Structure formats: C-alpha cells, structure tokens
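[1] My questions are about this predicted structure, shown below with the sequence.
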Amino acid sequence: MATGDGWTSRLITGLAELLDAADVGTWRPTGGYTAEEIAIVVRGIPQQPDRLITLAPYRVPSPIGIADFVQGVQLRTRGTTDPRVAEDIADACLDLLDSASNLTVGGIAVVQISHRSYTSMGQDNNGRWETSSNYYVEAMRPTIHRHD
C-alpha cells in the first residue's frame, strides 16, 4: 500500500478537499501557503500562515462486527490576535460539516458527520487565538471482520 492509500488517510484528505471546495480554506497536500490564505493541514501546526485549520483523526468506539464505523476528527483552528478570526473559521467549518450526510469523502461513503464538542484553546505564543472542535464521522469501513 502506498502512503496516503489507507482508509483514515483517504478520509482526512477527503475532508480537507471538502473544506477547500467550499472555500473554507485552502488545501495543498505539499503545503506552501500564502499569508492571506487559511491553510488546511493534517496533524501538523506550522508557524505560518496565521490562519489555519488542522485535521487530526482519533479512534472512538464503533459498533462491532458491521461495516458501520465512527471516526473521530479533531478540527483545530487558529486565527490572528483578534479572537473573532478563529471563531469565524470554526463557524464556517461547523456550517459545512455538522449534520452533513450521505456524501462521499475521499472515496468513502459517509453516512453522517456530527459536531461533538468545542473549546477555546486560548492564545498561542504569538498571541493568535485557537479553537478545537471534535466531529464524529459515521462511515462505511468494511474489513475482513467487519461487513454488512
């Protein structure tokens, strides 16, 4: 299997592409963002640009023995020294993702995306405000042990 071909990688990349297609931010798998863009990145938190969205997957309990699977995704936003900027980015993500249903993301059938929690993370060392939201992505993930 090549890097990026795994189920989780495809799902996270698909979410980044979904956010990009809706003009919430800019996704470039190889990076290289301008100061004016809202960068979309996976896991990492680069110093620049100021405004960004970071997607990080994490495991949550899922039904046993069937292909229905729940994937947690932390969506972290960073803005500027104005706290409203990070909030506006988080709101745009919520508006797009919460209760989205019956879509294909990264080639994966997604049943529904639900917003689960939110918190302000305060300011980073450069005075930029940050937020963190958690989403549950209910999707189909058949394996040799998980099937309909």
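    Thanks, I have it.
[2] Just grab the bridge partners of the residue nearest the centre of the chain for me.
    Centroid check for the chain by C-alpha atoms, centre = their mean gives Leu55 as the closest residue, at 3.8 Å. Counting by DSSP bridges, Leu55 is bridged to Val42, Leu75.
[3] List the contacts of it.
    12, 15-16, 40-43, 73-75 (C-beta atoms under 8 Å, 6 or more residues apart in numbering). Backbone N, C-alpha and C define where each C-beta goes, glycine included.
[4] Tell me where the model's unsure across the chain.
    Low-confidence segments of the chain (pLDDT under 70): 63-67, 143-148.
[5] swap the cut-off to 80 and go again
    Residues of the chain that meet the criterion pLDDT under 80 lie in 1-4, 62-68, 141-148.
[6] Please list all residues in contact with Leu97.
    Contact partners of Leu97, counting by C-beta under 8 Å, 6+ apart, are 15, 18, 75, 113, 115, 135.
[7] Reduced to three states, what does the closest residue to the last one other than its chain neighbours come out as?
    Closest residue to Tyr135 in three dimensions, ignoring its sequence neighbours and counting by C-beta to C-beta, 6 or more residues apart in numbering: Val73, at 4.8 Å. Look at Val73: counting by DSSP: H, G, I helix; E, B strand; the rest coil, its state is strand.
[8] hang on, Val73 packs against Ala16?
    No: under the criterion of C-beta atoms under 8 Å, Val73 is not in contact with Ala16, lying 10.6 Å apart.
[9] Paired strands for the lengthiest strand in the chain, with orientation please.
    When the chain is parsed with DSSP state E, its longest strand is strand 108-123. Strand 108-123 has its sheet partners listed here by DSSP bridges as strand 101-105 (antiparallel), strand 129-140 (antiparallel).
[10] Using PDB, write out every CA atom in the last one.
    Output in PDB follows, covering the C-alpha atoms of strand 129-140 (Å, rounded to 0.1, in the frame of the first residue of the first chain):
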ATOM      1  CA  TRP A 129      -6.300  32.700  19.200                       C
ATOM      2  CA  GLU A 130      -7.100  29.000  18.700                       C
ATOM      3  CA  THR A 131     -10.200  26.700  19.000                       C
ATOM      4  CA  SER A 132     -10.700  23.000  19.000                       C
ATOM      5  CA  SER A 133     -13.800  21.100  17.800                       C
ATOM      6  CA  ASN A 134     -14.400  17.400  17.700                       C
ATOM      7  CA  TYR A 135     -16.500  15.700  15.000                       C
ATOM      8  CA  TYR A 136     -17.700  12.100  14.600                       C
ATOM      9  CA  VAL A 137     -17.700  10.800  11.100                       C
ATOM     10  CA  GLU A 138     -20.000   7.800  10.700                       C
ATOM     11  CA  ALA A 139     -18.800   6.000   7.600                       C
ATOM     12  CA  MET A 140     -18.600   2.600   5.900                       C
END
